[in-house]
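> kindly generate the corresponding structure for this input.
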Amino acid sequence: MLISLFRLSLFLIIVMVFAWGVSYLASNDNKIIGSTIIEISGFEYSISPTQLLLFLGLMILAVWIFLKIASLFLAVLRFINGDETAVSRYFSRNRERKGYKALSEGMMALASGEGSAALIKAKKAEKYLRKPSLTNLLAAQAAEIAGESEHAEEIYKELILDPTTRFVGVRGIMKKRLSEGDTDTALKLAEKAFSLKPKHEETQDVLINLQTLASDWRGARKTLKAKMKYGNLTQDVHKRRDAVLALSEAAEITETDKKTDTQVMAIEANRMSPDLVPAAVLAAREHLADSKKKNAIKVIKKAWESQPHPDLAAVYSEIFEEESQEEREKGFKLLAKMNSKHIETKTMMAEMYLQAEDFPSARRSLGDSYETSPNVRTLTIMAAIEKGEGADDNVIRKWLTKALAAPRGPQWVCENCSTIHAVWRPTCFNCNALDTLAWMDAPEVKEELTLGNEKLPFVLDVLNSEGSEADQINFQVEENSAELENIEVDEAKSKS
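From the prediction side, this is the model:
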């Protein structure tokens, strides 16, 4: 807007200066320069400066007209000699020049964010060029910037009719539907755009996101394969994401009780990405359902080596559920060797010994984890160990109080938007990104103590074991403030 105003002001200033200069010369011709004398065939002509300027201007105009007539004459000669389009090209050349000028000005206006100006230039370019494949695209984008979405959609529909611009039209309407939240229509348009231009990376990403949103895991896997085929995805990333999609498909099949299909998909997902914890858990459970304990153990060990996780420990515990304590301890020690220094390994062994009521071994297994990595689980285990060893109720309550203020520990967190998920999902429910959930420490928020998927099956049994009412510990998060104050007073007395 300011640029246009500046141009108009500059034009008016130039016109005013020119008019003033002509007027000044006309009234002061002889005073300033004097007259110009031209001698032709013995005759002398006296010309004032104003007349000289007008004469030069007329000469330039005459030359321009002569060149135009000469060009037209040459075009007629070419037409007579057999060039049928010579005359039409002569008349259209000027229109094309004006049209391309308007087109370039429209593109500049579009780049500057001036939607209305770009739309005007697009209409002018179409008037001279009559090439909708060029001008409609500019007009559609200009209409979007100007906020005329309905007009933009009409132009995109016109683009669909032309095979050369069909992809652009489909993509434009698809993005409009996405902005409106109409994902069903957007999915169909994305599929059409993908069929028109399968190598287009943006279309691939949009289609995969919409397919996962619609739980079309099989379709998403096909699109993912095409993405790798056309060089838009590396092979290792493809294997990982394909495993995620296969796992999601397996989980969906499980709900329909198609056992064989579930086994196939779960094992396939685990084969493609052995470190994917949910895939390992599902594959191990499917092996257990077929009484293939060795296969289940192999799957758990492979996953534990790269990513120890409470869900893996829970499935591993099911494998040895009917075994003797000696065999159970032997099996857990073999798993612990896969990643012995990890805090999850120490926690797993402590829980195993708690179930066997071997409290000194549980304390040794946990080590100093409650000091180096204090969280809800490690501190609660310490409370269970103290109770099992007959410690005073106040000591146990102190551990539980510390657990209330301790970090939750690792959770499923989206690496893209940092959203916390209670359970693993193939896509983040907040940003819909695929395969972005990682088992990691999350920003702490004030919430009730819930053990969730990593609940302590052994700890709860110890804390809630049968005994006299005085020995029963009310293991709840919702302790009132007065109770906490009493604990703090007791701590102060014991220190004194």
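> the spatially most central residue of the chain and Thr212, how far apart?
Central residue of the chain (C-alpha atoms, centre = their mean): Ala433, 5.8 Å from the mean position. Distance, Ala433 to Thr212, using C-beta to C-beta, to the nearest Å: 10 Å. C-beta here means a position set from N, CA and C on the backbone, and glycine is covered the same way.
> joint contacts of the two?
Both Ala433 and Thr212 are contacted by Thr427, under the criterion C-beta atoms under 8 Å, 6 or more residues apart in numbering.
> report the buried residues of stretch 157-174.
159-160, 165-174 (16 or more other C-beta atoms under 10 Å).
> actually stretch 212-228, not the one I typed
212, 216-217, 219-221, 223-224, 226-228.
> now for those: which two are most distant?
Spatial extent of the buried residues of stretch 212-228 (C-beta to C-beta) is set by the pair Asp216 and Met228 at 18.3 Å.
> nearest residue to Gln141 other than its sequence neighbours?
Closest residue in space to Gln141, ignoring its immediate chain neighbours: Leu110 at 5.9 Å, by C-beta to C-beta, 6 or more residues apart in numbering.
> all helices for the stretch 251-400 of the chain, in order.
Using DSSP state H, counting those that start in this stretch, the helices of the stretch 251-400 of the chain run over 259-272, 277-289, 293-306, 310-319, 325-336, 343-355, 359-366, 369-372, 376-388, 393-405.
> could I get the CA-only coordinates of the fourth one as CSV?
Once non-C-alpha atoms are left out, helix 310-319 reads as follows in CSV (Å, rounded to 0.1, in the frame of the first residue of the first chain):
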residue,chain,number,x,y,z
PRO,A,310,8.5,-52.4,33.2
ASP,A,311,6.1,-54.0,30.7
LEU,A,312,8.9,-56.3,29.6
ALA,A,313,9.5,-57.3,33.2
ALA,A,314,5.8,-57.9,33.7
VAL,A,315,5.6,-60.3,30.7
TYR,A,316,8.8,-62.0,31.8
SER,A,317,7.3,-62.5,35.3
GLU,A,318,4.3,-64.3,33.6
ILE,A,319,6.7,-66.7,32.0
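> packing partners for that helix?
Under the contact criterion of 3 or more C-beta pairs under 8 Å, 6 or more residues apart in numbering; DSSP states H and E, helix 310-319 touches helix 277-289, helix 293-306, helix 325-336, helix 343-355.
> let's see that with 7 Å instead.
helix 277-289, helix 293-306 (3 or more C-beta pairs under 7 Å, 6 or more residues apart in numbering; DSSP states H and E).
> ditto for the last one
Contact analysis of helix 393-405 by 3+ C-beta pairs under 7 Å, 6+ apart lists helix 376-388, helix 481-495 as its packing neighbours.
> ranking those by mean pLDDT, which is last?
Per-stretch mean pLDDT for the helices and strands packed on helix 393-405 is lowest at helix 481-495 (a mean of 42).
> of the helices of the stretch 251-400 of the chain, give the one that comes closest to Leu54.
Closest of the helices of the stretch 251-400 of the chain to Leu54 is helix 259-272, at 86.0 Å (criterion: C-beta to C-beta).
> sort out which residues of that closest one are buried, please.
By neighbour count on 16+ other C-beta under 10 Å, the buried set for helix 259-272 is 262-263, 265-270, 272.
> also stretch 387-404?
Those would be 387-388, 396-403, for stretch 387-404 by 16+ other C-beta under 10 Å.
> point out the most buried one among the helices and strands packed on helix 310-319.
Neighbour counts (mean count of other C-beta atoms under 10 Å) averaged over each of these peak at helix 277-289, with a mean of 23.
> that older thread, doesn't Arg425 make contact with the residue nearest to the centre of the chain?
No: applying C-beta atoms under 7 Å as the test, Ala433 and Arg425 come out as separate, 10.6 Å apart.
> can you pull out the strands in the chain?
Counting by DSSP state E, the chain has strands at residues 36-40, 43-47, 410-414, 420-421, 437-441.
> show the pLDDT at the residue nearest to Gln141.
Listed pLDDT for Leu110 reads 81.
> ok, it - how many residues close by?
Neighbours of Leu110 under the rule other C-beta atoms under 10 Å: 21.
> so that it lines up with my notes, have the first residue be 109 from now on.
OK, 109 is where the count begins now, so the last one is Leu218.
> show me what contacts it?
Neighbouring residues of Leu218 by C-beta atoms under 7 Å, 6 or more residues apart in numbering: 226, 246, 249-250, 253.
> what would the helices and strands packed on helix 418-427 look like in a markdown table with mean pLDDT?
Formatted as a markdown table, these follow (pLDDT from 0 to 100):
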| stretch | mean pLDDT |
| --- | --- |
| helix 385-397 | 90 |
| helix 401-414 | 92 |
